[in-house]
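Peer 1: Pasting the sequence and the predicted model now:
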Amino acid sequence: MGLLDRIQFAAAPVEPPEAIDVTERQELAILWPGGQRAVVPSKRLRDLCPCASCVEEGTGRKLLDPATIPDDVRPTSIQPVGNYAIQIFWSDGHSTGLYTWRALREASGLR
Ligand SMILES: [Zn+2]
């Protein structure tokens, strides 16, 4: 496999989830094409927020202190953004992060 093949592989688009639900335990249940179902704890997903106030732009340095995230944080609303991401409105008032399909797959423990 040549270098170009690898670059194209890395940039391959991620198919959108077939369904995203919030479980009774306030976790995100994501059903991926092919039938893989992942359950991601809300606190972990909140910790992964990629927005500019949680992650420094340019350097990628994390600014969010996980200790400031309430243990019982949960999504109050989930909105689609185009066909590439969702915006999660969290119970702690934070909502600026866009979670791309790729980020959700990584959070799901899938590639
Ligand atoms: Zn954020």
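Peer 2: Everything's here; your move. Fair warning: this is a prediction, and the values are worked out from it, not measured in the lab.
Peer 1: What sits closest to P70 if chain neighbours are left out?
Peer 2: Using CB to CB, 6 or more residues apart in numbering and skipping residues adjacent in sequence, the residue nearest P70 is D92, 5.5 Å away. C-beta coordinates here come from the backbone N, C-alpha and C atoms, glycine included.
Peer 1: Report the contact partners of that neighbour.
Peer 2: Counting by CB atoms under 8 Å, 6 or more residues apart in numbering, D92 touches 46, 69-70, 73.
Peer 1: Likewise for E27?
Peer 2: E27 neighbours (CB under 8 Å, 6+ apart): 39-42.
Peer 1: So which residues of this protein form strands?
Peer 2: For the chain, the strands defined by DSSP state E cover 19-22, 27-31, 37-41, 75-81, 85-90, 98-100.
Peer 1: Including distance to E106, could the ones you listed go into CSV?
Peer 2: As requested, the strands of the chain are arranged in CSV below (distance: least, CB to CB, whole Å):
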stretch, distance to E106
strand 19-22, 15
strand 27-31, 12
strand 37-41, 10
strand 75-81, 17
strand 85-90, 13
strand 98-100, 9
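Peer 1: and of these, who's closest to T59?
Peer 2: Taking CB to CB, strand 98-100 is the member of the strands of the chain nearest to T59, at 19.1 Å.
Peer 1: Direction included, what does that closest one pair against?
Peer 2: When pairing is defined by DSSP bridges, strand 98-100 lines up against strand 85-90 (antiparallel).
Peer 1: Quick one: mean pLDDT over the partner strand.
Peer 2: Average pLDDT, strand 85-90: 98.
Peer 1: Give me every residue in contact with it, excluding its own residues.
Peer 2: Strand 85-90 is contacted by residues 20, 42, 45-46, 73-81, 95, 97-101, 103-104 when judged by CB under 8 Å, 6+ apart.
Peer 1: Now a ChimeraX select for only the buried ones of these.
Peer 2: If you want just the buried ones from the contacts of strand 85-90 in ChimeraX, going by 16 or more other CB atoms under 10 Å, the selection is:
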select :20,42,45,46,73,74,75,95,97,98,99,100,101,103,104
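Peer 1: so which of the contacts of strand 85-90 are also by the ion?
Peer 2: With the criterion set as CB under 5 Å from the ion, the members of the contacts of strand 85-90 near the ion are G97.
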